[in-house]
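A.B. asks: return atomic coordinates for the entry below.
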Amino acid sequence: MHQLHAASVTDTSALSPAPGHSGAYRIKAYASPGLAYWRSHGPWPGRSPALAPHPDGDAQVRIRPACPGEYDAVGELVLAAYRTLPGYHAEPDYEADLRDAGHRAEVAEVLVAVDSTGQVQGAVTYVAGPGNEYAEWDDRDAAGFRMLAVAPAAQGRGVGEALVRACIDRARGDGRGRLVLHSTPWMTTAHRLYERLGFRRAPGRDFAPVPAVSLLGFELDLRPGGQSSQRA
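C.D. replies: Next comes the predicted model:
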């Protein structure tokens, strides 16, 4: 059965400043093998809000590969986030796929966003290239990501953006020229995030896995001097 991909790039975070904060906030990355740390350092005039401060203080999440002991929790988080989407249609086989983070980790790379208490607040599946069962493209110079999700309680704090930026870094590190994704038409909050990070609509990548579901293609140019290379 062909998997439904209607929520393959879920990001439901509002990405707006917390009450009382009107400035935009810069996300800074601290790279180390297998890990990336993202921290807010605002304001940054002239930029759209990226990572809003948590009401209890400066927000911070750590991006790293998921551990085997976290796979069940990651699967439940992804499913919970998808179920909050407008237009989401429950389908047992697809929900089983959403829950199966362990299989995704076997064939691709599942990244998680972990807060200062060690709780997983978001996840994404990074796919390094075509030929993978999770790849929705056959472009040999492209990487992509799937099943981006933020825990409902953590939405609006920039977790989704941190995960997307980690995928951008992975794709650059893999020497890819493009990072691609697909999204449903109603995921407008996610579309604004992608556009802010330099992604552009790629109508040539649009497709419909089933007649009732249309997927919109997006693409980020990672080549040196590309139109989006300075924004991501």
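
A.B. asks: which SSE is immediately downstream of the longest helix anywhere in the chain?
C.D. replies: In the chain, assigned by DSSP state H, the helix with the most residues is helix 159-173. Using DSSP states H and E, the helix or strand that follows helix 159-173 in sequence is strand 178-183.

A.B. asks: pull out the buried positions in the very next helix or strand once past that following strand.
C.D. replies: Next along the chain after strand 178-183, taking DSSP H and E as the criterion, comes helix 188-196. The neighbour-count check on helix 188-196 (16 or more other CB atoms under 10 Å) flags Thr189, Ala190, His191, Leu193, Tyr194, Arg196 as buried. Just so you know, the C-beta spots here come from the backbone N, C-alpha and C atoms, and that holds for glycine as well.

A.B. asks: and helix 188-196 with strand 178-183, angle?
C.D. replies: 170 degrees (axes from the mean of the first three to the mean of the last three CA atoms, to 10 degrees).

A.B. asks: which elements pack onto helix 188-196?
C.D. replies: helix 159-173, strand 178-183, strand 213-221 (3 or more CB pairs under 8 Å, 6 or more residues apart in numbering; DSSP states H and E).

A.B. asks: average pLDDT across the last one?
C.D. replies: When you say that, I think you mean strand 213-221. Strand 213-221 carries an average pLDDT of 89.

A.B. asks: same check on the shortest one?
C.D. replies: If you average the pLDDT over strand 178-183, you get 92.

A.B. asks: chain center to that strand: distance?
C.D. replies: Its chain's C-alpha centre and that of strand 178-183 lie 10 Å apart, by CA atoms, centre = their mean, to the nearest Å.

A.B. asks: paired strands for it, with orientation please.
C.D. replies: The strands that strand 178-183 pairs with in its sheet are strand 142-150 (parallel), strand 213-221 (antiparallel) (by DSSP bridges).

A.B. asks: so of the ones you listed, which one's packed in deepest?
C.D. replies: Of all the strands paired with strand 178-183, strand 142-150 has the most neighbours on average by mean count of other CB atoms under 10 Å, namely a mean of 28.

A.B. asks: is it correct that Leu77 is in contact with Ala123?
C.D. replies: Yes: the pair Leu77 / Ala123 is scored as a contact, 6.1 Å apart, by CB atoms under 8 Å.

A.B. asks: between the two, which has more neighbouring residues?
C.D. replies: Neighbours per residue (other CB atoms under 10 Å) separate Leu77 from Ala123, with Ala123 holding more: 29 against 25.

A.B. asks: helix or strand: which one has the more buried one?
C.D. replies: strand 120-127.

A.B. asks: so the closest residue to Trp137 other than its chain neighbours bridges to which residues?
C.D. replies: Spatially, and ignoring its direct neighbours in sequence, Trp137 is nearest to Val180 (5.4 Å; CB to CB, 6 or more residues apart in numbering). In this structure, Val180 bridges to Gly144, Glu219 when assessed by DSSP bridges.
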